[in-house]
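> Next comes the sequence, and after it the predicted model I'd like to discuss.
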Protein chains: 2
Amino acid sequence: MAAIQARCLYDFDGDIHNGELSFSAGETIYITRQDIGDGWWEARSANGALGLVPETYVEIVSVPEPEFPPPPPPGMLPSAPALYPSNGFSGSPPDRGGGSVQQQQSFDEWDDDEWEDDDGESSNSTIGQNQELGGQGNFGLAAPKRENKKVSPGSEMSKYGTVKSSFSRFSHFAKSGGEAFLMGQTEDKVADSDKIRITDSPDGPIWLKEDSGYTCAVTSPKKESKMKGLKSFIAYQLQPSFSNIIVSRRYKHFDWLHGRLECKFVCIPIPPLPDKAVTGRYEEDFIQERMRQLQAWVDRMVRHPVISRSEVFLHFLTCTDDKKWKVGKRKAEKDEYQGGRFFQVLQTPNQPLVIRDVEGKMEVFCKFVLGMTENMKTLITVHHEYAKRQIGPFKREYTKIGASYKQLAQTFNLDTSPSSRTLTAAIDFTGDAFNDIGEMFAKQPPRDAYPLIESMYEYKGLLQTYPDALKVHEGAIGKVKECLKLQEENKMTESEVQNVVTKADTISYGTLAEMNHFQKERVVDFKHYMQNYLKEQIDFYKKLTSKLEDALHRYDNDNV
Amino acid sequence: MAAIQARCLYDFDGDIHNGELSFSAGETIYITRQDIGDGWWEARSANGALGLVPETYVEIVSVPEPEFPPPPPPGMLPSAPALYPSNGFSGSPPDRGGGSVQQQQSFDEWDDDEWEDDDGESSNSTIGQNQELGGQGNFGLAAPKRENKKVSPGSEMSKYGTVKSSFSRFSHFAKSGGEAFLMGQTEDKVADSDKIRITDSPDGPIWLKEDSGYTCAVTSPKKESKMKGLKSFIAYQLQPSFSNIIVSRRYKHFDWLHGRLECKFVCIPIPPLPDKAVTGRYEEDFIQERMRQLQAWVDRMVRHPVISRSEVFLHFLTCTDDKKWKVGKRKAEKDEYQGGRFFQVLQTPNQPLVIRDVEGKMEVFCKFVLGMTENMKTLITVHHEYAKRQIGPFKREYTKIGASYKQLAQTFNLDTSPSSRTLTAAIDFTGDAFNDIGEMFAKQPPRDAYPLIESMYEYKGLLQTYPDALKVHEGAIGKVKECLKLQEENKMTESEVQNVVTKADTISYGTLAEMNHFQKERVVDFKHYMQNYLKEQIDFYKKLTSKLEDALHRYDNDNV
């Protein structure tokens, strides 16, 4: 098969340890394999070097077969749009749409902004929802993040599922830099300020200093424009509690940050940002909803003991100066300790881990993640359906009952005797009460079901990012087993293997610490969610009861 | 057209004043007109007398045209079965059926019983629901009661509706004996004990002594059988509070009483008995439901100031002896003061009435009856539909929500840390609470909606019997106007006309007194219905709220 010629669209600083090929925008390369998967192709550069390239970074210019344009990679196929009701309005949520009108979105959301930096405009017009957008292909140096598909039992959670997808697992482990870290030389020259400490607790390893000690408010979304009004966007104001200095951030900045966090913290699942909007992006309801969702995302990041203290996150929260922004941005993109090298900064307890124990814990946790993902989907559906009933049929039924009593009161009003009048008035009031109850039902979901659904939706997104984090660990354990076998075969020395085992322990410690962090957050979050939901429900039924009591008291009059 | 030859099936003691023909069972008569309507034909007897005959009393034996068997008369066409849920069970009400299997019912319900009296077995096998059974064709002397169709605006309430049905009006007025009373000689030889007094009140004329001063319990339905078990029936035990002597009555006795009351009290609408059952007549639920409905019927009769004191009703409530029963039964059937002659016993205030005022009152009341009939239908429908939703979709939704939380608790149970366990238990409890709430919804209609629906159904039946009572009055007013015209034309003397006017006033007084009785009852009843319904609803929502509060408190634990 003749090689496929491709033009590089952006600079790409590939990680040679991870088998990636570096190239510059405008360069010509030759695609040698398109069956790598997860958004990666294999290519050879003009100077003969072979390596993996992110497929969205290149444009095929000549093909030996009629396969242009190439189909979107599996991880980037838009999934069914996850519509769910918003808290800000009682009608249907705005259409978040699929990929059909993404070109417009691409134009609006990804255009150059006031900080003319090296953000390239993506030419890929089939980007799905944000959480499906595995790669950060729009930022020069970022490697596309792969295998960011939905968790479905037996496919992604390879080791613990029923179907092995070993290439995928190996690939991610290798690509994430996990393997390079595991097999590389120990470089212990990490500055103290960069070190992240893990400590033991009764529940297992935990990140030291759980509480970041600050908060950050996301407020005052403002519609801004540039290019003489041709392009407009929404800027949100962020105000961290430690400085109280407000910074203005667009969705694209959040997106950049998200990509950076994903690249850097391989064992920490980064929750997806709220979905991109296609239509109605400037409508007040949508803007308020997105602000609330961004606030939830920022809250979760601020609460994270590692992320909240990271340089890239603090840069995002604090930088107010264009020049400094660019410097910080480039620095973050060239971060020495991202990907697999992130593990170098971890300071773990000295206690070696028992592989079998760790594997057992991971197996249970995988079950947990898969189970909870399904639970979230089910709960979102049932709550959503119940909310729809409240807004539709419940309200209609009560309105009908109310109207029927109002009509009865009209008939009864034909009897003008005093004894009848009091009853007539009471029945008329009852009709109003039922009407009001219908209205109350329709207005209730934004008070209880929608916030709950929104929280569950957030967790569903978070859970769907987990498999990647776990696969790094799974890869490490696999590699350790491989090395132990090589040692048995005398192909590796004990000290070489011990080096690998120690590093694998670091990966395990990091993964376990994050796992424990997740569980702690979950317990606090769900207590909070359920309490809020139940309180609102109780409030609602109390109000409903008092409406009925008001109606009942109308019949108390002695005249009746 | 050749005369149609018919065989008389039963004795019929026709009222010659009302143009009716008398005949004996087995006699041959000749039908001369079948277009009279309302269940009546015109016929000539062998001796040449011409008069009206109830068509169900005769059987056509030779027809010049192929019109055998004759179609059921309009008033007897079975209407759509009015299914409504019962209080005694939470599923669907038993099928009360149409007319298709009535032969069996006829056999079971109308067979000869332990009191071998002159109840003929009706050969009419197309009897519809009981309230549609206008005629009392199964009791020798009773004239079929006609025009007992459903009230629909503009047809039955002729005068006040949009379409005049003057034949129908005239016919009923004449047949009821109203015209005979109005135009006949004054016979003032009514015994004091027979007199029924009407007095004035601020609301208009009322029956003297509203309260009958006694109650009557309907209890202990017993399945009894005879003919060596070939035939079985249910006997209900009636215990009036004034004697505490229990009498045993079958549905057929109720039905006989109902017919007698309708014949006697022309200006008093007699509420229909509960529907006849076709299937499931011996099922416990059905028997309990019928008992409750018979109790409601007896209650209403006992509360009526005129009916509760009538000889026929007291005979029904008290007679325990077979022989005495027969005597009382025959006496009631030959009652001197039934039909139009009932007005002879009324002792009214001397104050003459102003026709225009009375007409105005009646017009409003007709509107009231028509309006309230529609209101009852609508309310029955909306409450029934809401109840269906509670039993079906509501329960299903809550069960789904409950199951989803139970599943979430199962997943959460994989995290065995103490902080997680409390939350898991709370969520599990929440799942149970939602399940319970689903059950509560499904069990609620028998507590609130069904009793309300049953009461409204009773009122609907009562309202549908009203037009006949009003038509008697309408006929009287029409006749008075006719007479006044005749007086103007010097075809009647002033004293002749005055005699008619005075008698018309008596009819008006009786009609107005009953109207006021109805309105008083309605006010008391609906106050009671609405209070009960609202109290049950309040109770329900309070229970629901406390379920949710129980769930909420599970999250209070400090461990979470």
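Received it, and whenever you're ready, just let me know what you need.

> Return the residues of the stretch 351-500 of chain A in contact with chain B.
A:364-365, A:367-368, A:371-372, A:374-375, A:378-379, A:382-383, A:385-386, A:389, A:393, A:397, A:400-401, A:404-405, A:407-408, A:410-412, A:414-415, A:417, A:419-420, A:423, A:426-427, A:430 (C-beta under 8 Å from any C-beta of the partner chain). Placement of C-beta: from N, CA and C, glycine included.

> And the stretch 1-150 of chain A, by the same measure?
Close to chain B, as judged by C-beta under 8 Å from any C-beta, the stretch 1-150 of chain A has no residues.

> Now the buried members of the residues of the stretch 351-500 of chain A next to chain B.
Buried by 16 or more other C-beta atoms under 10 Å in any protein chain shown: A:365, A:368, A:371-372, A:374-375, A:378-379, A:382-383, A:385-386, A:389, A:393, A:397, A:400-401, A:404-405, A:407-408, A:411-412, A:414-415, A:420, A:423, A:426-427, A:430, out of these.

> what about the strands in chain A?
Listed in chain order, the strands of chain A (DSSP state E) span A:4-8, A:28-37, A:40-45, A:50-54, A:58-62, A:196-199, A:206-207, A:216-226, A:231-240, A:247-250, A:346-347.

> of all those strands, which lies closest to A:Gly14?
Evaluated over those, closeness to A:Gly14 peaks at strand A:50-54, with 6.0 Å, by C-beta to C-beta.

> Which neighbouring elements make contact with that closest one?
strand A:28-37, strand A:40-45 (3 or more C-beta pairs under 8 Å, 6 or more residues apart in numbering or on different chains; DSSP states H and E).

> Tell me what A:Ser62 is bridged to.
Beta-bridge pairing for A:Ser62 (DSSP bridges): A:Gln5.

> The residue nearest to A:Thr320 when sequence neighbours are not counted and chain B: what is the separation?
In space, and not counting its chain neighbours, A:Thr320 is closest to A:Val247: 5.5 Å by C-beta to C-beta, 6 or more residues apart in numbering or on different chains. With the distance defined as C-beta to the nearest C-beta, to the nearest Å, A:Val247 ends up 35 Å from chain B.

> neighbours of A:Val247, just the number please.
By other C-beta atoms under 10 Å in any protein chain shown, the residues close to A:Val247 number 21.

> related to what we said a few turns ago, now the helices and strands packed on strand A:50-54 in a markdown table, with mean neighbour count?
Shown next, in a markdown table, are these (neighbours: other C-beta atoms under 10 Å in any protein chain shown):
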| stretch | mean neighbour count |
| --- | --- |
| strand A:28-37 | 16 |
| strand A:40-45 | 21 |
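
> possible to save these as TSV with mean pLDDT?
As requested, the helices and strands packed on strand A:50-54 are exported to TSV (pLDDT from 0 to 100):
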stretch	mean pLDDT
strand A:28-37	79
strand A:40-45	81
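
> Low-confidence stretches in chain A?
Within chain A, the ranges that satisfy pLDDT under 70 run A:1-3, A:17-18, A:37-38, A:63-176, A:185-188, A:210, A:227, A:229, A:276-282, A:557-560.

> Pull the distance from the longest helix anywhere in it to the chain's centre.
When chain A is scanned for its longest helix (criterion: DSSP state H), the result is helix A:494-553. Put simply, helix A:494-553 sits 16 Å off its chain's centre (C-alpha atoms, centre = their mean, to the nearest Å).

> Switch the helices and strands packed on strand A:50-54 over to JSON lines; also include distance to A:Asp525.
Shown next, in JSON lines, are the helices and strands packed on strand A:50-54 (distance: least, C-beta to C-beta, whole Å):
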{"stretch": "strand A:28-37", "distance to A:Asp525": "34"}
{"stretch": "strand A:40-45", "distance to A:Asp525": "35"}
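
> Which of these sits closest to A:Leu230?
Closest of these to A:Leu230 is strand A:28-37, at 33.9 Å (criterion: C-beta to C-beta).

> ok, the closest one: who's next to it in the sheet?
Assessed with DSSP bridges, strand A:28-37 is paired to strand A:4-8 (antiparallel), strand A:40-45 (antiparallel).

> the inter-axis angle of the longest one versus strand A:50-54?
Interaxial angle of strand A:40-45 relative to strand A:50-54 (axes from the mean of the first three to the mean of the last three C-alpha atoms, to 10 degrees): 130 degrees.

> hang on, A:Ile401 packs against A:Phe434?
Yes - counting by C-beta atoms under 8 Å, A:Ile401 does reach A:Phe434; the two are 4.6 Å apart.

> Taking the chain centroid, which residue in chain A is the extreme one?
In chain A, A:Ser417 marks the outermost C-alpha relative to the chain mean, sitting 67.4 Å out by C-alpha atoms, centre = their mean.

> so that residue sits right up against B:Ile206, yeah?
No - A:Ser417 is beyond contact range of B:Ile206, at 11.3 Å (criterion: C-beta under 8 Å).

> Now do the contacts for A:Ser508.
A:353, A:358, A:473, A:476-477 (C-beta atoms under 8 Å, 6 or more residues apart in numbering or on different chains).

> ugh, typo on my part, it should be A:Arg44
Residues in contact with A:Arg44, defined by C-beta under 8 Å, 6+ apart, are A:3, A:29-30, A:32, A:50.

> which one of the residues you listed sits closest to B:Ser308?
Once C-beta to C-beta is applied, the member of the contacts of A:Arg44 that ends up nearest B:Ser308 is A:Thr32, at 103.9 Å.

> could you redo the contacts of A:Arg44 as CSV and give each row distance to A:Gln519?
Converted to CSV, the contacts of A:Arg44 look like this (distance: C-beta to C-beta, whole Å):
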residue, distance to A:Gln519
A:Ala3, 49
A:Ile29, 45
A:Tyr30, 48
A:Thr32, 44
A:Leu50, 43
